[in-house]
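Engineer: what would the 3D arrangement of this be:
(chains A and B)
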There are 2 protein chains.
Amino acid sequence: MVGLPARGKSLISGKVKRYLQWTSVKAEVFNVGKYRREGTPHPDANFFDAGNVEGEKARRAAAEAAVADMINWLQDPSNKVAILDATNSTKSRRKWIYEKLEEAKVAHLFVESKCDDEELIMANILDVKTTSPDYVGQNPEEAAKDFRDRIKMYEKVYQTIDESEKQLTYVKVTNIGHQVVINRIQDYLQSRLVYFLTNLHIKPRSIWLSRHGESEYNLEGKIGGDANLSPRGFQYAKMLPKLLRKSGLPKDAPLTIWTSTLKRTNQTAGHVVEELGWEKLQWKALDELDSGNCDGLTYAQIAEMFPEDFKARDDDKYNYRYRGGESYRDVVIRLEPIIMELERSENILIITHQAIVRCIFAYFMQVDQSQSPWMEVPLHTLMKLTPKAYGTQVEKYKANIPAVSTWRPQGSTAKHHAGEVDTVVGEDVAGDKSTVTKVEEVKVHS
Amino acid sequence: MVGLPARGKSLISGKVKRYLQWTSVKAEVFNVGKYRREGTPHPDANFFDAGNVEGEKARRAAAEAAVADMINWLQDPSNKVAILDATNSTKSRRKWIYEKLEEAKVAHLFVESKCDDEELIMANILDVKTTSPDYVGQNPEEAAKDFRDRIKMYEKVYQTIDESEKQLTYVKVTNIGHQVVINRIQDYLQSRLVYFLTNLHIKPRSIWLSRHGESEYNLEGKIGGDANLSPRGFQYAKMLPKLLRKSGLPKDAPLTIWTSTLKRTNQTAGHVVEELGWEKLQWKALDELDSGNCDGLTYAQIAEMFPEDFKARDDDKYNYRYRGGESYRDVVIRLEPIIMELERSENILIITHQAIVRCIFAYFMQVDQSQSPWMEVPLHTLMKLTPKAYGTQVEKYKANIPAVSTWRPQGSTAKHHAGEVDTVVGEDVAGDKSTVTKVEEVKVHS
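Structural biologist: Here you go, the predicted structure:
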């Protein structure tokens, strides 16, 4: 990363890491600030003056330690992308990093975040003064002032990436997505990252996520197929506009509905289209995980007809591919264009299927591959995901319309299980509390 | 488009049109030169001098006529993307175009192609002097000299897009893909086009394309499934390294094999991996079109069990989606990342399935959606596609190993049909002879 403080470098680092991890590319962020804090936990702005010999020495030592750890981490061939989250604001610093990486035979990609939008910078400063470990326990006003002084120290020596560094592979992002300069992109991963970075935006928006209403197949405990909604499923479809309003719709902001191509998601969208007049788009990529030969069977039938497959799936649900069908890994690959489009879009309501909701939720909430296929996603519940600077806010709105539970614990062949909703979806599902900033449960009565 | 002559503007226009058409986005190129030639068929370089009042007037009239036709064409809501292929090399010309488009409520995207690679420019000049209608019947050396003089006339007034035009949405591509500047990209289509443009390259390379060898299902006339190769299919796999060598492999250039996840393509790749040591990559996106409920049936069984579906598919094969399965349109959507990756890659051997070969071939050869699903793609035949500046060169290498024909004309339920290979694949399949620059049939004996 390259850029002055408060230019969204950590935000971008976090998003890139999350995106890569979700696509099974092992990624890690190395934050130089963390290394520096080990020696100097609460420095004031003068510490960051390029003329401060002691400060300069300490900051250099932190950068060296982070780069050494980073290169060491990359020696493990299963580790793929290390992100060096630091200002790296001078040509000489970048030259030093470049040479270190060349020596270690590591490909590089400099990502510069420039920003001259005062509002954006102020929002970032306000965020930092309340969340940065550098200012723990300090007066917020003083912290903000000190942080602004720190930025001035960096501005004195800051050199943007320019023509003189054209031998570097770089992406220079101005005002997050407004202008992007791309130089010497060579491999597949670089090209994908650049596409991801060009699609990012930070306009406020939400993503509403729901499974279809209860279907006739759900009632029978069958998987796959293209069944109609059950009577209770149609009730949910009817209540969905009310649930959406309850969740707080943006005024006059455009909203689009995405469904799969299957009947049950389109039936669920019916009243929203009718009452709220939103545009509807069908995506084949949002169809349920293809269960191949097991399509239309119950879990008890699968366990009886294909006992080895049943066990293999329970042992590694993420990687198990149904004969003639798909695995969760396959689904993630086909969802990748959806995620790219979601990053680019503003308000979206997605009505899709259990496995698909799990994969999309896993992307936003960083749920591990070993856990995401087992997540409980109850029927007749609307989720609202709101991306924030350092995490995604989740709110859940349950319709008061009963439905069977389609959640199945490992090894079980029962037709329907009692849900474990309240302990599974929400605070601790992600194994990463920091990304869940709020969980709300609201029951809406028809 | 924006750029001096011989900077690949028409090449980019053509590629963008082909890509968009393939994804069902109606696109058209409006070449200002064509309009200008109506009045001035064979101008010399002085015609293009900005000081030449008559020339300037004629060129201005041509631009006005092209822009008027373009805006008129865009009034039809089924037409989506018009490409204005011209130099548009001054700020005032771009401002005029921008205002015309704003007035007509048409979104704009300026694509500037800059090039300072002398070799690239010379190759383009050589190409133009032999193909441009401006120089028909003229001495090639004189044509080249005149064309170089024409470029000088443009260079005198050329203004690259810069900060002073930051209100425009633009992509500035330097040396095709080496450096890219992106400004104010807003919508989905713009974002996709930018990704496409950043992936383009013009390094020489070929794409080898083959179906798997004859399978056990092929022998029985069954569709779908995950069958093994037949004995003759295994013979083809064994001969594939020889066929590849016969087709002229690049010396020391890296080559990668892409297969689907199904057994028959991986078995077909076996000897290539073993003998030539190439890296193999499996793509779920290269799996055969999913025939859903009809998987494992013969066409006769489908016609009997699902007569309405059988007829519906014959009536509109591109759009017909098998129950619980896919249409050709669905396949094209899931192949889109493959095409992006193919544009970015160098030499690739793809071993895949009939419908997938049809869709990939249709992309490179601009085959119409009404024709591509009916194309005959015989078993045991290797195709070599070599992208050139103004089209793709196709060579076919047939192995001398018999195989059943899996081609089926409209309405037929026969198990196997005699092929019509020589008239279908090759010269006239694309309905666009200009893109087929060479067709070669070579029989290789084991």
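
Engineer: tell me the centre residue of chain A?
Structural biologist: By C-alpha atoms, centre = their mean, the mean C-alpha position of chain A lies nearest to A:F364, the distance being 3.1 Å.

Engineer: what about that one, helix or strand, and which?
Structural biologist: helix A:354-365 (DSSP states H and E).

Engineer: follow-up on the earlier one: residues contacting the residue nearest to the centre of chain A?
Structural biologist: Contacts for A:F364 (C-beta atoms under 8 Å, 6 or more residues apart in numbering or on different chains) come out as A:I207, A:L385, A:P387, A:T392. Where C-beta positions appear, they are placed from N, C-alpha and C, glycine not excepted.

Engineer: and it, what's its pLDDT?
Structural biologist: Here, the pLDDT recorded for A:F364 equals 94.

Engineer: for A:E427, same thing?
Structural biologist: pLDDT at A:E427 comes out at 32.

Engineer: name the residues of chain A found near chain B, please.
Structural biologist: A:166, A:177-185, A:188, A:191, A:194-195, A:198-199, A:224-226, A:261, A:284-285, A:290, A:295, A:321, A:323-324, A:326, A:330, A:333-334, A:336-337, A:341, A:344 (C-beta under 8 Å from any C-beta of the partner chain).

Engineer: keep only those of the residues you listed that are in strands.
Structural biologist: Using DSSP state E, the subset of the residues of chain A next to chain B located in strands is A:Q179, A:V180, A:V181, A:I182, A:N183.

Engineer: now the strands for the stretch 301-446 of chain A?
Structural biologist: All strands of the stretch 301-446 of chain A, identified by DSSP state E, counting those that start in this stretch, fall at A:347-352, A:381-388, A:391-399, A:441-444.

Engineer: and the closest residue to chain B within the stretch 301-446 of chain A, what does it touch?
Structural biologist: Here the stretch 301-446 of chain A gets closest to chain B at one residue, A:D330, 4.9 Å apart by C-beta to the nearest C-beta. Contacts for A:D330 (C-beta under 8 Å, 6+ apart) come out as A:L289, A:R321, B:K284.

Engineer: is the first one in contact with A:V331, as I believe?
Structural biologist: Yes: A contact is recorded between A:L289 and A:V331 when judged using C-beta atoms under 8 Å, the distance being 5.3 Å.

Engineer: and the pLDDT for A:Q393?
Structural biologist: 89.

Engineer: could you check how far it is from A:L243?
Structural biologist: With the distance defined as C-beta to C-beta, to the nearest Å, A:Q393 ends up 17 Å from A:L243.

Engineer: these two: which is more packed in?
Structural biologist: A:L243 (22 against 17; other C-beta atoms under 10 Å in any protein chain shown).

Engineer: in terms of helices and strands, where is the more buried one?
Structural biologist: Going by DSSP H and E, A:L243 is in helix A:231-246.

Engineer: and for A:P43?
Structural biologist: Here A:P43 is assigned to no helix or strand, by DSSP H and E.

Engineer: which ones are touching it?
Structural biologist: Taking C-beta under 8 Å, 6+ apart, one finds A:R36, A:G55, A:D134 in contact with A:P43.

Engineer: which residues does A:E112 contact?
Structural biologist: A:M1, A:V2, A:G3, A:T160, A:I161, A:Y170, A:V171, A:K172, A:V173.

Engineer: pull out the buried residues from these.
Structural biologist: A:M1, A:V2, A:G3, A:I161, A:Y170, A:V171, A:K172, A:V173 (16 or more other C-beta atoms under 10 Å in any protein chain shown).

Engineer: any idea how far chain B is from A:P254?
Structural biologist: 12 Å (C-beta to the nearest C-beta, to the nearest Å).

Engineer: next one: A:M122
Structural biologist: Taking C-beta to the nearest C-beta, one finds A:M122 at 23 Å from chain B.

Engineer: packing partners of the one helix or strand that residue maps to?
Structural biologist: Using DSSP H and E, the element containing A:M122 is helix A:118-131. Here helix A:118-131 is seen to pack against helix A:140-157 when contacts are counted using 3 or more C-beta pairs under 8 Å, 6 or more residues apart in numbering or on different chains; DSSP states H and E.
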